[in-house]
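Fold the following for me, if possible:
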Amino acid sequence: MARVACPVAAGPLEDYAVRFDELFSRLAQRRGFREYLTGLLTPRDRNKTLTGLAGAEPVTGAQHAAVQRLQYFLSESTWDSEKINDRRLELLLSDPATAPHSAGVLVIDDSGDRKDGSATAHVGRQWLGRYGKTDNGIVTVTTVWADEHVYYPLHAEPYTPASHFPKGRNDSDFRTKLRIAADLVTKAQEAGVVCRAVVADCFYGDHDDLRAELRQGGWGFVVALKPSRGTWQYQAEAYTPKDAAAVVGWNGPDDPGGWSRVRRVFRDGHTETWWAADASLGWWGPDGHTRLVVATTDPETLPDKATWYLATNLPRPGGAHDGPDNPHEAADLTEVVRLYGIRHWIEQSYKQVKDELGWADFQVRSATAIRRHQTLVNCAFSFCWATWFDRLSTRDRLDASSSGSSADDSGERGLPVSPAGATVLLAQGLTRRPGLADPMATAAALVEGVVGQAPAR
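Coordinates of the predicted model:
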């Protein structure tokens, strides 16, 4: 029997939404998907709560039919958020403009947001890195794929504090953030994601078990270590990464000793000179299975905010493990620094999904509804990239047609060029009814806000 036609979404959002229709069994679900994405993409003049998404009055409008419809879609309706996310990734991986490649990175991280109460799933008193303190809130472990031009979320899973389980940390259902991170990397592998290396900050990089799982899974990695991370001391050998860096040897720029100059080129065109070196730490060294690479702006003082201590299993060029038997291509110091530098895309990702798309604005309590909200936010974010590249492709085709050149002559994907007609202002004021004034302009503006702020090359 033919399906009942669904009211179409505005502009190119309909072209994106229709690709998910087969995953929704009912008309109300297909309509809810469109309405939810539409609300997420509206200007950020109020929180993206259910009343905000539906354009109803806060609190007093909670019983409005449009709000109740979205509430049911998010909390009670029968649809699978995992299948929706899988389809989102299929679209990203099949598009040449966003498909992962062997020069990019897979970023592991987590992000916390304040949430009141104790009845909401995953909420508890825990460390919230965004605020730099322990508070009541929710933390979600995420993976992101990125290169110097494009980034997008892969998977996300909220961490459930031990207090939610009868036996605490000893409960069989309890999973640490490290365990969740390892599982998300496996999901990325199963989805067909490829990269040069997995990168992560020192919260994840300091743990031997996670690095061992990455190695066993066939992943290259470049992960940060705490400067004070201890190891066994072997006679006069260094016993922390910072100690290891201090003994490399530095006599100034004209006599850098064991340090090599690394030139970092940032998206806005400015450059910075960094210095990098292979150091030795216990059994880690230039020719070990794990290398310790230190990168800094000043080898003499090793400033805390401008020094990276990195563990990587990518072999040193010409080293003992650089050969056909190693599944990973050798990486010089510049390459290692480049890979970790891309990690900062994850911080930009948080700004977009939180500040613009309402990642933490949900006011639901169940684990199912929270995961669905996060999945829909990621769909809205991915729609922005799809719209951006579609406009770039259209412009390139028009340019090629007018100049007689081939469309294949266009530059690298994601070059920081604004599509014709893109505007930073998303809408000229509030709409009279729930809806999206111009989803194409909204999507282009969201991406335009970050495309000029990529990490250093």
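
Counting neighbours, what do you get for R264?
Using other C-beta atoms under 10 Å, R264 has 18 other residues around it. From N, CA and C alone the C-beta is placed, and that goes for glycine too.

try the one 10 residues further on
For W274, the count of nearby residues is 23 (other C-beta under 10 Å).

Just want the most central residue of the chain.
Per C-alpha atoms, centre = their mean, the C-alpha nearest to the average position across the chain is that of V144, at 3.1 Å.

Now do the phi/psi pair for it.
The phi/psi pair for V144 (degrees, to the nearest 10) reads phi -130, psi 140.

Then the one 10 residues further on?
Dihedral angles of L154 (phi, psi; degrees, to the nearest 10) stand at phi -100, psi -70.

Could you do I108 as well?
phi -100, psi 130.

Mind listing the residues bridging to the residue nearest to the centre of the chain?
Under DSSP bridges, the beta-bridge partners of V144 are V107, P153.

Please look at it and A156 and confirm they touch.
No: V144 lies out of contact with A156 (C-beta atoms under 8 Å); the separation is 9.5 Å.

Kindly state the pLDDT recorded for the residue nearest to the centre of the chain?
Here, the pLDDT recorded for V144 equals 96.

so who does it touch?
Counting by C-beta atoms under 8 Å, 6 or more residues apart in numbering, V144 touches L106, V107, D109, Y151, Y152, P153, L154, W345, I346, S349.

Neighbours of the first one, how many?
Other residues near L106 come to 26 when the count uses other C-beta under 10 Å.

which parts of stretch 30-49 are buried?
For stretch 30-49, burial by neighbour count (16 or more other C-beta atoms under 10 Å) applies to 30-43, 48-49.

try stretch 289-297
Buried residues in stretch 289-297, counted by 16+ other C-beta under 10 Å: T290, R291, L292, V293, V294, A295, T296.

Dump those into TSV; add distance to G61, secondary structure and pLDDT as well.
TSV is the format used below for the buried residues of stretch 289-297 (distance: C-beta to C-beta, whole Å; DSSP: H, G, I helix; E, B strand; the rest coil; pLDDT from 0 to 100):
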residue	distance to G61	secondary structure	pLDDT
T290	57	coil	95
R291	58	strand	96
L292	57	strand	96
V293	55	strand	97
V294	56	strand	97
A295	52	strand	97
T296	54	strand	97
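
now the strands for the chain?
Remark: strands assigned in the chain by DSSP state E are 105-114, 124-128, 133-146, 151-159, 197-200, 221-224, 260-265, 271-279, 291-296, 307-312.

quick one, which of the ones you listed is nearest to E329?
strand 197-200 (10.4 Å; C-beta to C-beta).

And for D201, nearest residue in space, chain neighbours not counted?
With C-beta to C-beta, 6 or more residues apart in numbering as the criterion, D201 has its nearest non-adjacent residue at 5.0 Å, and that residue is A224.

For that neighbour, grab the count of nearby residues.
21.

I'd like the distance between it and V337.
From A224 across to V337, the span is 12 Å (C-beta to C-beta, to the nearest Å).

overlap in contacts of those two?
Common contacts of A224 and V337, defined by C-beta under 8 Å, 6+ apart, comprise W308.

how about the buried residues of stretch 30-49, which pair is most distant?
Pairwise distances across these (C-beta to C-beta) peak at 24.8 Å, for the pair R30 and P43.

And the buried residues of stretch 30-49, which is closest to Y16?
Distances from Y16 to the buried residues of stretch 30-49, taken by C-beta to C-beta, are shortest for L37, at 7.9 Å.

wait, what's in contact with the closest residue to that closest one other than its chain neighbours?
Among residues not flanking L37 along the chain, A380 sits closest, at 5.1 Å (C-beta to C-beta, 6+ apart). Neighbour list for A380: L37, L40, L41, L357 [criterion: C-beta under 8 Å, 6+ apart].

Adding pLDDT, write those out as a markdown table.
Below are the contacts of A380 laid out as a markdown table (pLDDT from 0 to 100):
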| residue | pLDDT |
| --- | --- |
| L37 | 94 |
| L40 | 91 |
| L41 | 90 |
| L357 | 91 |
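
hmm, back to that, nearest to F20, of the buried residues of stretch 30-49?
Using C-beta to C-beta, these come closest to F20 at F33, 6.3 Å.

could you pull out the helices for the stretch 51-200 of the chain?
Assigned by DSSP state H, counting those that start in this stretch, the helices in the stretch 51-200 of the chain fall at 65-75, 81-94, 177-191.
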